Structures are given as C-alpha cells and as structure tokens.
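Enquirer: give me the fold of what follows.
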Amino acid sequence: MNALRQERPLARHRWWSLVFGGAGFLLVPWIAILYVVQPRSAAVGDLPLAATGAILTIALGLLVSAAAALVGSPYLVMTTAATGVVALCTGFFHLVTGTAYHPHAAAFTTVLALGPIVVLCGVLACRHAGAARPLPRSPVLAAVLVAAALAAVLAWTGSRSAHDPVANAYHLKATWITLDVAEAVTLLATAFALRWRPAVVPAVAAAAGALLCCDVWFNVVGAVGEARSQAIQLAVVSLPLAVAAFAVGVREISRPAGTR
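Expert: Numbering: from 1, shown residues only. Coordinates of the predicted model:
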C-alpha cells in the first residue's frame, strides 16, 4: 500500500508533464503562424488600463510575497516567480511596443520602477526554488517587498504613460513572438521539472502561469474590434492552462516530502 501511495504522485507527474510538454511544442507552429500573419503595428485599445492593471497586480504580488516572507511560507517561491514575470512582461510591452506618450521618459520610469522588482523577485525565486520547508521568517525582507510595492505604484501613478492613451502599438510581431517563445520555454521547463526535478516545479510552473496570464491580459485589453474577439477566443485555451500550472505548483509545495 505504501508503494502504491508513492507511485501515484509520480503517475500524475507524468500525465501533467505530457500536458505541459504538448502545449509547449504546440506553440512552435503557432509562433510560425504569427511570424507570417502578425502585423508589425496595429491600433490598440485601452493601454493605460492594461498597464495600470498590470502594475496593481505586481503590487499585490509583492504584498502577498511580503506576507509569505513574514511567516516563512514556502509559497514565497511561487509568488515571487509570478510577480517577477509580470513585472518583466509589463516593462517589456511598455518599452518595445512604443506605447508611451513620452518614450524616453517612460523608458527611464519603467526601468526605475520595474527593474529592481524583476531582479529582487528573480533572486528570491531562484534562491528558494527547491529549498527545505518551511522557510525562515524574514521581517526585513517583508519590509523590502512592501516598500517595492509602494514605490512601483507611486512611480507609475506619477508617470504620464499611466494616463495618456495612444493610437497605435509598434513592433507587435517581435513582441508577441518573444512572449510566445518564453511561454513555450517555461511550459517545456515545467514538463521537464515534473519528470526529473520536482523540487523546482513551483517556480517554473508559476512563471509559466504568469506568462500565460500576461498574454491574455495584454492581448484582450490592448486589442480592438475583431482582434479583441480573437484574443478572447485564445484566452479560453490559455487561462485553463495557466490555472493548471499554478495548481501543479501549489500541489507540489503542499505534498509531503516522502511522496515526491
């Protein structure tokens, strides 16, 4: 009976590994299609809403990470991995698509507000990936994360890019192809980790889930007309996969050490 109990998680690992691996490989032909049909520039929707929603999500992720650091929660690795990815995607979209009212000022604000968050969250996620649980409590780290959340919100609120709409986005082909390549890499990494490195599953699965959510958010809110309808249809595939990635990461953390 004990042997059966220990084999079941491994069987589930193999099944989910096939799901995420298949999704990652299926993105390859989709990337090829994007290369052919995706225009370089297009009219955009409510980008201030898209960017503001992303900033608030980053701030919430930092506050949740602060709470996790304060109590020594092992879920810190997931919250920091996801928050860092959202910050990186937000900065990437804002800079590469040229959707800022004042591009040079926006580049400075974006790097200043989001760069430290990406680095901080990346370091924390890498440091605690596969670490023994529970994690040590760290009030100092919690305070740093809260300060980062407040700084990001204040910096973005004071930027004209948070309020001034623009008519068009540029370099969309490169933007979406880069994002989909990142999604494919993290999905394949999750599949690999489920089979051979279960300890790092929470970090890579959280990164994959966050990338998928960013894809949906910027695609739906930033699109107009028929493009928005197509984005909503794609979200029907992306969002369940994102939920599955987060669920796999949570389950791996909550599973007793002897059953991995």
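Enquirer: helices of this protein, start to end?
Expert: Along the chain, counting by DSSP state H, helices occupy 2-37, 47-71, 76-96, 103-128, 139-157, 172-196, 201-222, 226-254.
Enquirer: what's the fourth one packed up against?
Expert: If I follow you right, that is helix 103-128. Other elements packing on helix 103-128 under the criterion 3 or more CB pairs under 8 Å, 6 or more residues apart in numbering; DSSP states H and E are helix 47-71, helix 76-96, helix 139-157, helix 201-222. (Glycine included, C-beta is placed from N, CA and C.)
Enquirer: before we move on, the earlier item: could you dump the helices of the chain to CSV with mean pLDDT and mean neighbour count?
Expert: Putting the helices of the chain into CSV (pLDDT from 0 to 100; neighbours: other CB atoms under 10 Å) gives the following:
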stretch, mean pLDDT, mean neighbour count
helix 2-37, 79, 14
helix 47-71, 92, 21
helix 76-96, 93, 26
helix 103-128, 83, 18
helix 139-157, 91, 17
helix 172-196, 95, 20
helix 201-222, 95, 26
helix 226-254, 93, 16
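Enquirer: wait, what's in contact with Arg14?
Expert: Counting by CB atoms under 8 Å, 6 or more residues apart in numbering, Arg14 makes contact with 194-195.
Enquirer: and with 7 Å instead?
Expert: Arg195 (CB atoms under 7 Å, 6 or more residues apart in numbering).
Enquirer: start at 10, not 1
Expert: Will do, 10 is the new start, and the previous item becomes Arg23.
Enquirer: circling back to that earlier point, right, so of the helices and strands packed on helix 112-137, which gets closest to Gly30?
Expert: helix 210-231 (11.6 Å; CB to CB).
Enquirer: quick one, the closest one and helix 56-80 angle?
Expert: On the basis of axes from the mean of the first three to the mean of the last three CA atoms, to 10 degrees, helix 210-231 is oriented at 160 degrees to helix 56-80.
Enquirer: how far is helix 210-231 from where the chain is centred?
Expert: 4 Å (CA atoms, centre = their mean, to the nearest Å).
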